[in-house]
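S.K.: only geometry, no sequence info:
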């Protein structure tokens, strides 16, 4: 769904396509990917969804605006709770090890020269792989490489 004012959704209760309450939207941020313009939303899970579907985490569950079916008093998604949680419960190859997805969320991200890039708040279903993983994520690109990419493709 096209979302024109994402900040209006912050604080609204979120339901899956079957009407099951997931939690509420706690945060929103812009997508910088030119192939997927739109917004990401961080859902703060309620106790039931946290303990049943998301490994007991207190971290925000990231969703893309395409997952939203309709908005009103609340936000209804076009996926079920099972579909939403399937990536959360997978592992991601990070260098020589696999890490649970929820262990990657909210980790600091550094470039290959150890310059701070930001914090990981979401993930992609396919694409690049971080090189190293401990308490941080280290990319195989420099900050200058990333800035050049953003200038070229995002007109920053």
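M.R.: Perfect, I can see it now. None of these values were measured; they are calculated from a predicted model.

S.K.: which SS state does residue 48 fall under?
M.R.: Under DSSP: H, G, I helix; E, B strand; the rest coil, residue 48 falls in the helix class.

S.K.: Look up how far residue 117 lies from the residue nearest to it when sequence neighbours are not counted.
M.R.: Closest residue in space to residue 48, ignoring its immediate chain neighbours: residue 21 at 7.4 Å, by CB to CB, 6 or more residues apart in numbering. Quick note: C-beta positions are derived from backbone N, CA and C, even for glycine. Plainly put, residue 21 is 35 Å away from residue 117 if you go by CB to CB, to the nearest Å.

S.K.: got it, and residue 142?
M.R.: With CB to CB as the criterion, residue 142 and residue 117 are 10 Å apart.

S.K.: Pull up the overlap in contacts between the two.
M.R.: residue 111 (CB atoms under 8 Å, 6 or more residues apart in numbering).

S.K.: circling back to that earlier point, who's in contact with the residue nearest to residue 48?
M.R.: 13-15, 46, 48-49.

S.K.: Can you list the residue ranges for helices in this structure?
M.R.: 47-53, 81-85, 101-104, 143-154 (DSSP state H).

S.K.: Same list, those helices, but as a markdown table with distance to residue 112, mean pLDDT and mean neighbour count please.
M.R.: Converted to a markdown table, the helices of the chain look like this (distance: least, CB to CB, whole Å; pLDDT from 0 to 100; neighbours: other CB atoms under 10 Å):
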| stretch | distance to residue 112 | mean pLDDT | mean neighbour count |
| --- | --- | --- | --- |
| helix 47-53 | 35 | 88 | 16 |
| helix 81-85 | 32 | 85 | 17 |
| helix 101-104 | 18 | 70 | 18 |
| helix 143-154 | 9 | 76 | 12 |
